[in-house]
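# No sequence on hand, only this structure:
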């Protein structure tokens with residue numbers, strides 16, 4: 001039994017006339033009669049009986065009618081589901097993010113835009129450190145993730161640099177330097193540092209250490225905390241100072257913590273969207289589009305620096321063909337500036 005047999009049967013059942021039914025579905029009357037006879041033979045029962053002005057349903061035809069209507073309706077639903085699936089409007093998406101990235105507007109806006117545009121996609125969110133997120137991507141237990149990128153990532157993952165956040169100094173509010181509105185990093189040379197672990201954000205950690213060394217001192221790391229939100233509590237307790245992304249300074253308000261601008265060279269806090277390089281899932285592509293939309297929406301912000309360059313290739317850790325734009329840093333090896 002084929003769907004066309006069902007459609008032919010329903011056309012005749014609706015018109016109760018073979019000639020009109022044939023005209024309705026666009027075939028000749030003899031072929032239609034032949035197809036109905038073929039269906040009746042397969043079912044082992046007559047569906048119509050001829051009458052002077054057309055046809056009428058037999059008892060078996062009346063019994064078959066609602067089942068045929070249900071079959072055709074289910075076929076239409078299946079076709080629609082397939083079409084929605086092909087457009088990435090159904091299914092599921094697993095998105096990871098670091099705790100610090102969650103405070104940026106690009107992450108918040110991208111997730112909101114995707115949820116609004118694809119409400120029937122089951123969205124699963126996972127918060128982990130960058131290293132763990134990349135491992136999950138490589139093992140295909142995540143589809144995409146917002147990370148604080150570093151140089152060495154697991155095989156099978158491609159990261160696309162999105163934004164580069166400025167950073168600020170975080171001090172205990174009672175610290176003598178907290179009276180200032182801005183400080184050079186060299187002013188922190190003798191202070192103990194409370195930092196986010198390198199595993200959680202390799203680039204931010206490395207840039208912080210590098211910036212301190214450039215300022216003429218080796219930072220004294222007194223504590224490493226697993227969550228970026230815990231940094232503020234440690235600082236408020238007087239256990240040290242820190243350097244945090246500006247999104248944290250703006251959104252994590254902890255009593256007893258003062259945030260200061262950095263005078264001179266300062267670390268940057270990049271955010272990248274990571275996914276598998278051969279990713280073909282339409283849901284992931286739709287999420288990437290939501291990220292691009294979010295980037296356009298906040299492109300006028302002053303505290304976030306964007307690296308939006310033409311695609312470029314890397315060789316031996318050196319980026320070729322495109323210089324870094326003013327006030328931004330070139331992407332690390334293995335990262336693309338645009339997706």
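Thanks, I have the structure now. Please read all numbers here as calculations on a predicted model, not as lab measurements.
# Number of residues surrounding residue 147?
The number of residues packed near residue 147 is 31, by other Cβ atoms under 10 Å. Any C-beta I mention is one placed from the backbone N, CA and C, and that applies to glycine too.
# Contacts only, for it.
Contact analysis of residue 147 by Cβ atoms under 8 Å, 6 or more residues apart in numbering lists 96-98, 101, 130, 133-134, 159, 271-274.
# got any ranges where the stretch 101-250 of the chain has weak pLDDT?
For the stretch 101-250 of the chain, the stretches flagged by pLDDT under 70 are 151-155.
# Now do the helices in it.
Assigned helices in the stretch 101-250 of the chain, in chain order: 105-117, 130-138, 202-214, 228-236, 246-251 (criterion: DSSP state H, counting those that start in this stretch).
# JSON lines for these, including mean neighbour count?
Formatted as JSON lines, the helices of the stretch 101-250 of the chain follow (neighbours: other Cβ atoms under 10 Å):
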{"stretch": "helix 105-117", "mean neighbour count": "18"}
{"stretch": "helix 130-138", "mean neighbour count": "22"}
{"stretch": "helix 202-214", "mean neighbour count": "19"}
{"stretch": "helix 228-236", "mean neighbour count": "21"}
{"stretch": "helix 246-251", "mean neighbour count": "20"}
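# JSON lines for those, including distance to residue 177?
Shown next, in JSON lines, are these (distance: least, Cβ to Cβ, whole Å):
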{"stretch": "helix 105-117", "distance to residue 177": "29"}
{"stretch": "helix 130-138", "distance to residue 177": "30"}
{"stretch": "helix 202-214", "distance to residue 177": "15"}
{"stretch": "helix 228-236", "distance to residue 177": "12"}
{"stretch": "helix 246-251", "distance to residue 177": "16"}
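# measure residue 89 to residue 283 for me?
Here residue 89 is placed at a distance of 9 Å from residue 283 (Cβ to Cβ, to the nearest Å).
# Neighbour count for those two, which is higher?
Comparing residue 89 with residue 283 by other Cβ under 10 Å, the one with more neighbours is residue 283, at 24 against 17.
# ok, now which ones touch the more buried one?
88, 91-93, 118, 121, 143.
# Quick test: name the residue nearest the centre of the chain.
The centroid of the chain falls nearest to residue 287 when counting by Cα atoms, centre = their mean (4.1 Å).
# can you map out the strands along the stretch 1-150 of the chain?
With DSSP state E, counting those that start in this stretch, the ranges of strands along the stretch 1-150 of the chain come out as 48-51, 54-57, 92-97, 122-127, 144-147.
# most tightly surrounded among those?
Highest mean neighbour count of these: strand 144-147, a mean of 26 (counted as mean count of other Cβ atoms under 10 Å).
# That strand pairs with which strands?
Sheet partners assigned to strand 144-147 using DSSP bridges are listed as strand 92-97 (parallel), strand 269-275 (antiparallel).
# Residue 143 is in contact with residue 281, correct?
Yes. Residue 281 lies in contact with residue 143 (Cβ atoms under 8 Å); the separation is 6.6 Å.
# Which one's more surrounded, the two?
Per other Cβ under 10 Å, whichever of residue 281 and residue 143 has more neighbours is residue 143, with 20 against 16.
# residue contacts, the more buried one?
Neighbour list for residue 143: 93-95, 137, 275, 279, 281, 283-284, 287 [criterion: Cβ under 8 Å, 6+ apart].
# which of those residues sit farthest apart?
Farthest-apart pair in these is 137 and 283; separation 14.8 Å (Cβ to Cβ).
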